[in-house]
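K.L.:
Just to be clear, the model below is a prediction. Sequence and coordinates:
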Amino acid sequence: MDLELRHLKVVRAIAEAGSLTGAATRLGLAQPALSTQLKRIERLLGGPLFERGRSGVRPTPLGELVVARAAFLLPTVRDLQEEAVRLAQGRDAGTDRFRLGGTHGPLLGGLVDRLATVRPDAPVSTCTSWSEGEIAESVVRGRLDFALVGACGESPAPLADRLVWREVGVDPVFVMLANDHPQAAREEVALSELAGEAWTDVPGDGCFADCFAAACARAGFTPARVYETDTASCVHLVQVGRAVGLCRATFPTTPGMVTRPLAGAPLRWRHLLGWHEGAPAARRAAEVAAAARAAHRGAVAGSTTYRRWREAHPEFADGSPAAA
C-alpha cells in the first residue's frame, strides 16, 4: 500500500482534534474504523505516529514530521486542483456565462434579471444554500463564478483570504409582523416591545444568531423561542401569528404581514459579492458588481417602508451606515 492524500488527511485530523474520538466525528467515521486506518498508516510509515494518554493523543517525533509535511502538502494539492479546474474552464472563457451562487435573500433574483437583460446571449445559472461558507467554497473550487451572500454587521466575509469581496449594499434588519399584531401600525418598533414573542428567521453559518441574542440582551430580555427555517415557513409563522420574524429591510411586501424598522437599527446586514481573482470570470466582476448594486437599489425602491426609513436615516443612503 502506498501513502495517499487521504492518509495525510486522517493524520492531520487526529493531530488537530487531539483525540481519536474528536477526529472520528470530524471525518464522519466510527472510532474503531479510524483506529484501524491509523494502524495501517503507522505500519506503512514504520512506526507509531501518536502517543495515547488520558487527555487524548499527541504526535510522536515521527508523527510530528508527518503532520508538518501534511500541513504543506494538503493545501498545495488543494490549490493545484482548484487551479486545474480554473484552467479547464479557461477554454470556455470566450463564451460568457454567469454561474451565480447565493444565500436565500431578495437580491439573487434581481441580479439574474439584470444580467439576463443586459446580456441576453450569456447563459445564467443559479445555486442557493443557507450556508455562506458552502457558496464561497464552491467559488473557490471553480464550481461557481460569483457568490452573492450576506454578513452580519462587521463580521468578515467567508474565505476572505481566498476570494475577492465587494460590498453591494448595507441594510438594517427589519421585523416581520402579522397585519393584526399590536405593533403593526407603528412606524418603528423597539426591540424591547417584542420581548415576549417567539421569533423566526432563516439559518446561516455566520454570527447573526449571536448578534441577535446580544441585541436582545441589551434590550433586557432573552428570546423565548427562535424557529430557524426556510423563508416560506418564516412568512407562514408570521402570517398566522405564531412568531415575529427577522428579515432584511428589502424583504418584499407579502399579504398578511408587514415589515417594520427596529428602533435604533440594532442589527445590520451587508450584501457582498465575491469571486476568485484567478478565475476567467474575474474579468466580468465589475459588470456583475454593477448589476448587483442595481438589484439592491431596485429592492430598496420597491419597499415603501424602507424608502421612508432611509429618508429619515440618510447615513444608510450611501451604503456606509454608522455603526449601530
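P.N.:
Yep, it's here. Residues are numbered from 1 along each chain as shown.
K.L.:
residue boundaries of the helices in the chain?
P.N.:
Taking DSSP state H to define them, one finds helices in the chain at 5-17, 20-27, 31-45, 61-90, 107-118, 132-140, 208-218, 231-239, 285-301, 304-312.
K.L.:
Deepest in the core, which of these is it.
P.N.:
Greatest average neighbour count among the helices of the chain goes to helix 132-140 (a mean of 21), per mean count of other CB atoms under 10 Å. Bear in mind the C-beta positions are built from the backbone N, C-alpha and C, glycine included.
K.L.:
quick check, distance from it to the centre of its chain.
P.N.:
Remark: helix 132-140 is offset 8 Å from the chain centroid, using CA atoms, centre = their mean, to the nearest Å.
K.L.:
about what we covered before: check the helices of the chain for me: which has the lowest mean pLDDT.
P.N.:
Lowest mean pLDDT within the helices of the chain: helix 61-90, at a mean of 78.
K.L.:
still on that earlier bit, nearest to Val258, of the helices of the chain?
P.N.:
Val258 lies closest to helix 304-312 among these, at 7.3 Å (CB to CB).
K.L.:
got the contact list for the closest one?
P.N.:
Residues outside helix 304-312 that contact it (CB atoms under 8 Å, 6 or more residues apart in numbering): 171-172, 174, 187-188, 249-250, 253, 258-261, 300-301, 316-317.
K.L.:
hang on, the earlier thing: would you mind giving the helices of the chain as CSV with distance to Glu193 added?
P.N.:
Shown next, in CSV, are these (distance: least, CB to CB, whole Å):
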stretch, distance to Glu193
helix 5-17, 45
helix 20-27, 42
helix 31-45, 50
helix 61-90, 49
helix 107-118, 29
helix 132-140, 30
helix 208-218, 12
helix 231-239, 16
helix 285-301, 25
helix 304-312, 17
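K.L.:
Quick check: which of the ones you listed is nearest to Arg225?
P.N.:
Arg225 sits nearest to helix 231-239 of all these, at 10.6 Å, using CB to CB.
K.L.:
Among the helices of the chain, which comes closest to Asp201?
P.N.:
Shortest distance between Asp201 and the helices of the chain, using CB to CB, is found for helix 231-239: 6.4 Å.
K.L.:
List of residues touching the closest one?
P.N.:
By CB under 8 Å, 6+ apart, helix 231-239 touches 104, 176-178, 200-202, 227, 229, 243-245, 247, 254-257.
K.L.:
out of the residues you listed, which are buried?
P.N.:
104, 176-178, 200-202, 229, 243-245, 247, 254, 257 (16 or more other CB atoms under 10 Å).
K.L.:
And for Phe251, nearest residue in space, chain neighbours not counted?
P.N.:
Among residues not flanking Phe251 along the chain, Thr259 sits closest, at 5.6 Å (CB to CB, 6 or more residues apart in numbering).
K.L.:
And for Trp199?
P.N.:
Trp199's closest residue in space is Val226 (CB to CB, 6+ apart), at 4.7 Å.
K.L.:
who's sitting farthest from the centroid in the protein?
P.N.:
Gly46 (42.8 Å; CA atoms, centre = their mean).
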